[in-house]
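[1] Structure, please.
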Amino acid sequence: MHAYIRSDSVVSRVIAGETLIVPVRKGVGDLSSIYSLSEVASSIWQALGAPRSKSEIVQWIEEEFDADRQQIEQDVSSFLAEMCSVGLVREMGASI
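    The predicted structure follows:
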């Protein structure tokens, strides 16, 4: 299994219950590219504080939210794909 983790080139903060992510480019925050996360996305982001496989993230979300496992798997897959495509999350490639 591949592991996913937050990129080193972002800063995130929870402000008034909302997770905000700011990419950092050349040592400066890119304020034109601030990301605001939903409650579920914030939980996925929290899970990515350490390397985790997709199945571990799905289990993390399943324990926190009362939702259909198939829907959680779709949401986690979509989140990881989108965050990887914009460089906020990286796939480590190594098995965990």
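
[2] following the least confident helix or strand in the chain by mean pLDDT, which helix or strand shows up next?
    For the chain, the helix or strand with the lowest mean confidence is strand 28-29, at a mean of 53 (criterion: mean pLDDT, DSSP states H and E). From strand 28-29 onward toward the C-terminus, using DSSP states H and E, the following helix or strand is strand 35-37.

[3] Show me what that next one packs onto, helices and strands only.
    If contacts are counted by 3 or more Cβ pairs under 8 Å, 6 or more residues apart in numbering; DSSP states H and E, strand 35-37 sits against strand 18-25. No exception for glycine: its C-beta is placed from N, CA and C like everyone else's.

[4] so which strand or helix has the residue lying closest to Arg69 once chain neighbours are set aside?
    Excluding its sequence neighbours, the residue lying closest to Arg69 (Cβ to Cβ, 6 or more residues apart in numbering) is Glu62, at 6.1 Å. For Glu62, the element it lies in under DSSP H and E is helix 54-64.

[5] Not counting that helix itself, show me its contacts.
    Helix 54-64 is contacted by residues 1-2, 4, 40, 43-44, 47-48, 52, 67, 69, 72-73, 75-77, 80 when judged by Cβ atoms under 8 Å, 6 or more residues apart in numbering.

[6] Give the rounded mean pLDDT of it.
    For helix 54-64, mean pLDDT is 95.

[7] check contacts around the closest residue to Ser42 other than its chain neighbours.
    Spatially, and ignoring its direct neighbours in sequence, Ser42 is nearest to Thr19 (4.0 Å; Cβ to Cβ, 6+ apart). Neighbour list for Thr19: 12-13, 36-37, 41-42, 45 [criterion: Cβ under 8 Å, 6+ apart].
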